[in-house]
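1. only the shape, not the letters, is given here:
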């Protein structure tokens, strides 16, 4: 892989006595769409939080575009071009959807943004609202949207922050199947604009539609790194997902 | 009587600037600043100290602005993880420390006596014309500050602040440095407060520690709550309303005839009672904050 | 030396009960209730007024304290609960407004001059090399008794257990069948009573004026926060620490450091020190010195 966008090496994280991540390492190349999978409790979300700067790892490094971002704060990492979405997006009650979309791009904030005219962005914001089928709610407080709409909105906000890479935390969780197709379309278009994607997900259809590659984790370690079509034939992956079920049947 | 009304209007103007400043911090930025009067003090004592040590008014102005920006920046830097209420207590405590130091360090501030004889604005005019000139200046400043605040709040910067206030984690994930935003907001609004202080010092010609008691901060809070938290016009309205109400209490007192401490009690009752009433019955104050401005539609 | 310890203890007694009250009620209400210090003032002022009206001292104190406790419950029911529904910051501003109304009431009823109990004048007692007056001993006895009774109630009775459960996790306590509504009322009542007793103790040892409540605000906050909000008995340690700091700061002779015979910090700096400690506590140990309670500030 020539000049990967994101490199993780030897990443480890414990919470008290609970070792959530142990020696995690993989690379993501420019423009790839990588799925991050694994049974519940395997450490996917922790890894995402770690990469995006919510907390620092106990060991290991995270390198983004050749720069070591291990342990940096979330806003610094975002300014470098690595943006993320949240599994349960919390939206402001006193800002409208349109205002939020405008505001998401003012991140090189401070007084310089005083003089930017909102008219510059109008086309882009309008286009995004149309894409998301949110034009009819643009005047409503962002918090009043449905869960699925909020998740679409959060992807749009991440896009507005001029990212080179977006990490998504379970984007389809709690989203109506109708909206999922729209989300797939949106993410495909985002990827077509050369933005790298790392998607933590459970929905296999979603993964198969979008991802060229899957990294599978179990109990804090990477157990597979393959194409989505190869997942079901990978013994370790099957064991990780179904192993518990076999054990339970044995005990019953 | 007209002189009195001009005087009350000028004083209302000074308070209006302070209210606009606090409104930016608290109503808009969600920063519960209970040390606002310390920022005002940077203005008054900047002027006074410059006069006392013969630095000249311009130096006094620069000193005041610099001190205010620095103090505001410092306030914002304290306690990044503190909830709003507790940050408020920190600012209250710091403002009180500043007042105590001011009261005791005679060599610098004139101590409890303060510093008097500060030269007036527009020295060339006779007293009648001077009052009018000051009135016009202060009102013009209030209008200018109001417009500036409105532009600030309604523009891009406003969006970033509102996002920071309501969903700090979301803002951070999009690249906003919330501490930097808070520092900038505090520094800017502190300068506004100090401008009011500087002019105030040159208007009343006297500066003393009793002017910077924490009760003054509480009064400004009442003004912005009554006027509508987050609303610039409301802050100005609240300032004028309360100041005029206060100004007429002594007249009521003369008319009804209770003892002098009733004046102070009257003010406290008006401020406290007014706040309670507005909080309970009209949480948005007289002029409520709008969701969704006209610029970002 | 012993005089120093006595001074520290006496000052700590001033703060202790009010701080315990504040700590106990914080974990319930989740906002810093500024009006609590005014309950202390009310206790002292009311007791003195009742004595002036001819009621024997002991009875006056009991009445004053119980009445203040009831007042606390009423205010909580009709004002603070409603404000809390809007938000904790709003409730804090609301409690500030309520304190202002209290101050107004004090000015009108008691007047700006201090008042004191009519106690027989007695000579100070000497213990070791320290002087203690009878009223001081009485004040101390009241504080100690109040703490003892409260501790017994809190740790040894069923009621106390229910109170602790409600303070720690209201939802869970409710789910286990505890009448949390009643518990909340009881906790508010007790904190009001404790604060009022604290005010009585202060009144016994000296005098009270209309400002005594607000003067207590920051030191009491400091004590409660150092002890850990929600940990009422930590407030005792907090009060002792604040009191010690205040006393030390003004008792230390900085002369030798500055090449003079004697150089003391002005008395006013005593409060400045406690304010700075409050700031330090909020910045670096917001959970208090004893990290057993997990309370985020």
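-> Yes, it's here. Quick caveat: nothing in here was measured; it's all calculated off a predicted structure.
2. ranges for the strands of chain C?
-> C:125-127, C:130-132 (DSSP state E).
3. for those strands, which one sits closest to residue B:244?
-> Nearest to residue B:244, of all these, is strand C:130-132, at 52.7 Å by CB to CB. All C-beta spots, glycine's among them, are computed from the backbone N, C-alpha and C.
4. sheet partners, orientation included, of the closest one?
-> strand C:125-127 (antiparallel) (DSSP bridges).
5. re earlier: most tightly packed of the strands of chain C?
-> Highest mean neighbour count among the strands of chain C (mean count of other CB atoms under 10 Å in any protein chain shown): strand C:130-132, with a mean of 16.
6. what about stretch C:98-116, average pLDDT?
-> Mean per-residue pLDDT for stretch C:98-116: 87.
7. and stretch B:39-54, by the same measure?
-> Mean predicted lDDT for stretch B:39-54 stands at 93.
8. quick check, pLDDT for the residue in the stretch 151-297 of chain B that chain C sits nearest to.
-> Nearest to chain C, among the residues of the stretch 151-297 of chain B, is residue B:272, at 3.0 Å (CB to the nearest CB). You'll see residue B:272 listed with a pLDDT of 91.
9. what are the contacting residues of the helix or strand containing it?
-> Using DSSP states H and E, residue B:272 maps to helix B:261-281. For helix B:261-281, contacts defined as CB atoms under 8 Å, 6 or more residues apart in numbering or on different chains pick out B:218-219, B:221-222, B:225-226, B:242, B:245-246, B:249-250, B:252-253, B:285-286, C:79, C:82-83, C:86, C:90, C:93-94, C:96-101, C:103-105, C:107-108, C:111-112.
10. which of these are buried?
-> B:218-219, B:221-222, B:225-226, B:242, B:245-246, B:249, B:253, B:285-286, C:79, C:83, C:90, C:93-94, C:96-101, C:103-105, C:107-108 (16 or more other CB atoms under 10 Å in any protein chain shown).
11. name the residues that touch stretch C:186-196?
-> Residues outside stretch C:186-196 that contact it (CB under 8 Å, 6+ apart): C:17-18, C:20-22, C:24-25, C:28, C:36-37, C:39-40, C:42-44, C:46, C:64-66, C:68-73, C:76, C:146, C:150, C:153, C:159, C:163, C:166-167.
12. looking at these, which are in helices?
-> Counting by DSSP state H, the part of the contacts of stretch C:186-196 found in helices is C:17-18, C:20-22, C:24-25, C:28, C:36-37, C:39-40, C:42-44, C:46, C:64-66, C:68-73, C:146, C:150, C:153, C:159, C:163, C:166-167.
13. list the contacts for whatever residue of the stretch 101-250 of chain A ends up closest to chain C?
-> Proximity of the stretch 101-250 of chain A to chain C (CB to the nearest CB) peaks at residue A:143, 15.4 Å away. The contact partners of residue A:143, by CB under 8 Å, 6+ apart, come to A:90-93.
14. one more time with 7 Å
-> Residue A:143 sits next to A:91-93 when contact means CB atoms under 7 Å, 6 or more residues apart in numbering or on different chains.
15. would you format these as a markdown table with neighbour count and pLDDT included?
-> Converted to a markdown table, the contacts of residue A:143 look like this (neighbours: other CB atoms under 10 Å in any protein chain shown; pLDDT from 0 to 100):
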| residue | neighbour count | pLDDT |
| --- | --- | --- |
| A:91 | 20 | 94 |
| A:92 | 21 | 92 |
| A:93 | 12 | 89 |
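16. possible to save these as JSON lines with distance to chain B and secondary structure?
-> Output for the contacts of residue A:143, formatted as JSON lines (distance: CB to the nearest CB, whole Å; DSSP: H, G, I helix; E, B strand; the rest coil):
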{"residue": "A:91", "distance to chain B": "7", "secondary structure": "coil"}
{"residue": "A:92", "distance to chain B": "4", "secondary structure": "coil"}
{"residue": "A:93", "distance to chain B": "7", "secondary structure": "coil"}
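17. and of those residues, the nearest to chain C?
-> Nearest member of these to chain C, counting by CB to the nearest CB, is residue A:93, at 11.8 Å.
18. wondering if the helix or strand that contains residue B:163 reaches chain A at all.
-> Using DSSP H and E, residue B:163 sits in helix B:156-166. Yes. For helix B:156-166 and chain A, the contact criterion (CB under 7 Å from any CB of the partner chain) is met by B:156-157, B:159-160, B:162-163, B:166.
19. list only those of the contacts of stretch C:186-196 flagged as buried.
-> Neighbour counting with 16+ other CB under 10 Å marks C:17-18, C:20-22, C:24-25, C:28, C:36-37, C:39-40, C:42-44, C:46, C:64-65, C:68-69, C:71-73, C:76, C:146, C:150, C:163, C:166-167 as buried within the contacts of stretch C:186-196.
20. count the residues that sit near the residue lying closest to residue B:94 once chain neighbours are set aside.
-> Closest residue to residue B:94 apart from its sequence neighbours, by CB to CB, 6 or more residues apart in numbering or on different chains: residue B:35 at 5.4 Å. By other CB atoms under 10 Å in any protein chain shown, 27 other residues sit near residue B:35.
21. tell me the pLDDT at residue B:35?
-> At residue B:35, the pLDDT value in this model is 94.
22. quick one, what contacts it?
-> Under the criterion of CB under 7 Å, 6+ apart, the neighbours of residue B:35 are B:75, B:91-92, B:94-95, B:217.
23. likewise for residue C:184?
-> Contacts for residue C:184 (CB under 7 Å, 6+ apart) come out as C:28, C:166.
24. at 6 Å instead, please
-> residue C:28 (CB atoms under 6 Å, 6 or more residues apart in numbering or on different chains).
25. distance of residue C:208 relative to residue C:221?
-> 20 Å (CB to CB, to the nearest Å).
26. so for residue B:111, what's the pLDDT?
-> Residue B:111 is given a pLDDT of 85.
27. these two touch, right, residue A:62 and residue A:70?
-> Yes. With contact defined as CB atoms under 6 Å, residue A:62 reaches residue A:70; the gap is 4.8 Å.
28. tell me which of these two has more neighbours.
-> Legend: neighbour count by other CB under 10 Å for residue A:62 and residue A:70, higher for residue A:62 (24 against 18).
29. need the contacts of residue A:143 in JSON lines with distance to residue A:196, can you?
-> Converted to JSON lines, those look like this (distance: CB to CB, whole Å):
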{"residue": "A:91", "distance to residue A:196": "25"}
{"residue": "A:92", "distance to residue A:196": "28"}
{"residue": "A:93", "distance to residue A:196": "33"}
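30. now the residues you listed in TSV, with distance to chain C?
-> Below are these laid out as TSV (distance: CB to the nearest CB, whole Å):
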residue	distance to chain C
A:91	18
A:92	15
A:93	12
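31. from those residues, pick the one nearest residue A:190.
-> The closest of the contacts of residue A:143 to residue A:190 turns out to be residue A:91 (CB to CB; 19.9 Å).
32. so what's the closest one up against?
-> A:142-143, A:150.
33. how about it: what's its closest non-neighbour residue?
-> Nearest in space to residue A:91, with sequence neighbours left out and distances taken as CB to CB, 6+ apart, is residue A:142 at 3.7 Å.
34. can you pull the contacts of that neighbour?
-> Contacts for residue A:142 were tallied using CB under 6 Å, 6+ apart; they are A:91-92, A:95, A:97, A:100.
35. okay, how far is it across stretch A:220-234, tip to tip?
-> 18 Å (CA to CA, to the nearest Å).
36. which positions within it qualify as buried?
-> Quick answer for stretch A:220-234 (16+ other CB under 10 Å): A:220-224, A:228, A:231, A:234.
37. could you dump these to CSV with secondary structure?
-> As requested, the buried residues of stretch A:220-234 are exported to CSV (DSSP: H, G, I helix; E, B strand; the rest coil):
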residue, secondary structure
A:220, coil
A:221, strand
A:222, strand
A:223, strand
A:224, strand
A:228, helix
A:231, coil
A:234, coil
